[in-house]
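# This is a predicted model, with the sequence first.
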Amino acid sequence: MDLMEFRSNVAHSNHIFRFRYYSSGWRPSSGKQNILQDLSSYRNTVGHFFHGNSHLSLVNGIIADNNLGIKFFQNEDMHFDNVSLKGHTPEYDQILREIQDLKECDESRIGIELYMFSLLEDDSSAKLTNLKRSNFDLSCDTDFKMATTQMYERRLYTAHDQMRNINFKDDSRSISFCNAMNYGANTIGIHDLNGSFNPNDNEICLRNIRVTTNGGISVMKNMEMVISNGVKEAVVMGDRYEDNENMYINTDISQVTYYGAGLPTGSYTTHFREIATKELSWPGFAYLSYEEPPKTCNGYVNKKYVSLERSESDVAQCSGELLVDGTFEQLSSTPNQSGGWLQYNLYLELVNLPDSYSGHALRAQRKKSGYITYLSQYIDRSCLGGKKPSFFEFSADIRLEDLVNENAVFLL
């Protein structure tokens, strides 16, 4: 059944969803675009929730002061045109300050959150044009986010076609693909139609590069990547999925840190450095890959024109302690993480030692029986090998315990 007319509706101040197109979604039988015209949604937890819909167009209207403006997943051929999207309005922020003590970023906002897989195989999910966004605090908010939904745990983006025909024609500066990249989205191309990413050019064509590195939290939280064309340089911060309440996710060795940048044509070098001291550093390993280029423009960076540079290892670097957080003493103030340590198939827990010992220990308990388990760290391999043999010492105190028919290990 087609939607006859749905226009000029207003919805506000709802705790969960305001406009909800779900269970089941709207799927016009004619296959023609049906129009949702001039809708206003403000001061809700979620302004619009689209799931399981097809051939709908949200045209004009305003979405403002919602924690999440639009939540969108598993739809087909959806259009958003000429929608005004506001993160914060001064009037509502003033109301919030009057009724509660707001700290910085307490009321962070997301404009649009897309979970990009369509209803039908090889179909496009969404097209966004003339999006008018404003009032987003760039230090706390995200205009546009591509992610993976928790309902489909670790669902991978595997097909380029699932990502196609997603166009932003606006002045947005805060666009995050990081979570989608973490889950396998590796064919993202950016075509800057009006040159807003580079005001010196009328048009610029960008191709994404991605650098995959160490997932150890302590190793990467103080490190940044720098990319340079020989004239100017830019700092790129890393992204790693973390869960403040889940030690297993934070230490899973499959979790890595990603650095990404969209680059026009040219030659570039990248290197890593410590954020505080600006000294050259290295994350243990780094792997450079190129995303698929945009198909509608030319002038993006070509393969082999980006190089990873690193400092030469020296005696002092390689003769010191190569492990990070080897004694666990720096981890006690940060719950649910184990610093530079990573694991496979182990539940980890930082524990206090009995009175006869001092300091902390790491308890590791097998997650699934019948599978291998290990505790590990990435070590800079430039300290290994060379013309002269290298010898490194490693020592640990280990105690095996029987806990509910599972092996538990203390490393002291």
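Sure, I can see it.
# For the rest of this, base every contact and every neighbour count on C-alpha atoms.
Will do.
# which secondary structure elements does the helix or strand hosting residue 248 contact?
Secondary-structure assignment from DSSP states H and E places residue 248 in helix 247-251. Counting by 3 or more C-alpha pairs under 8 Å, 6 or more residues apart in numbering; DSSP states H and E, the packing neighbours recorded for helix 247-251 are strand 346-352.
# Was I right to think residue 248 contacts residue 342?
No: when contacts are counted by C-alpha atoms under 8 Å, residue 248 is not listed as touching residue 342 (9.3 Å).
# Break the protein down into its domains, please.
1-187, 342-411 (automatic domain parsing).
# Comparing those domains by mean pLDDT, which bottoms out?
In terms of mean pLDDT, the lowest-scoring of those is domain 1-187 (a mean of 72).
# ok so, going back, which is the next helix or strand following the helix holding residue 248?
strand 257-263.
# For that next one, buried residues please.
Residues 257, 258, 259, 260, 262, 263 are the ones in strand 257-263 that count as buried (16 or more other C-alpha atoms under 10 Å).
# One more: stretch 304-324?
Per 16+ other C-alpha under 10 Å, stretch 304-324 contains these buried residues: 306, 318, 322, 323, 324.
# Let me see the contact set for the last one.
When contacts are counted by C-alpha atoms under 8 Å, 6 or more residues apart in numbering, residue 324 touches 218, 219, 339, 340, 341, 377.
# next one: residue 374
Residue 374 neighbours (C-alpha under 8 Å, 6+ apart): 343, 344, 345, 346.
# And the pLDDT for the spatially closest residue to residue 257 that is not a sequence neighbour?
Closest residue to residue 257 in three dimensions, ignoring its sequence neighbours and counting by C-alpha to C-alpha, 6 or more residues apart in numbering: residue 240, at 4.6 Å. On pLDDT, residue 240 comes in at 77.
# For residue 240, give me phi and psi.
phi -140, psi 130 (degrees, to the nearest 10).
# can you check residue 219 too?
The phi/psi pair for residue 219 (degrees, to the nearest 10) is phi -70, psi -40.
# I'd like to know how many residues surround the closest residue in space to it that isn't next to it in sequence.
Excluding the flanking residues, the one nearest residue 219 by C-alpha to C-alpha, 6+ apart is residue 340, at 5.7 Å. Residues lying near residue 340 (other C-alpha atoms under 10 Å) number 22.
# Quick check, residue 340 in contact with residue 322.
No: applying C-alpha under 8 Å, one finds residue 340 not in contact with residue 322, separated by 10.8 Å.
# Confirm for me that residue 242 is in contact with residue 248.
No: contact criterion C-alpha under 8 Å: residue 242 and residue 248 do not qualify, at 9.9 Å.
# of those two, who's got more company?
residue 248 (22 against 16).
# What distance do you get for the more buried one to residue 241?
12 Å (C-alpha to C-alpha, to the nearest Å).
# ok, now residue 371?
For residue 371 relative to residue 241 (C-alpha to C-alpha), the value is 24 Å.
# What helices and strands are in contact with the helix ranked longest in the chain?
For the chain, the longest helix by residue count, based on DSSP state H, is helix 90-99. Packing contacts for helix 90-99, counted by 3+ C-alpha pairs under 8 Å, 6+ apart, involve no helix or strand.
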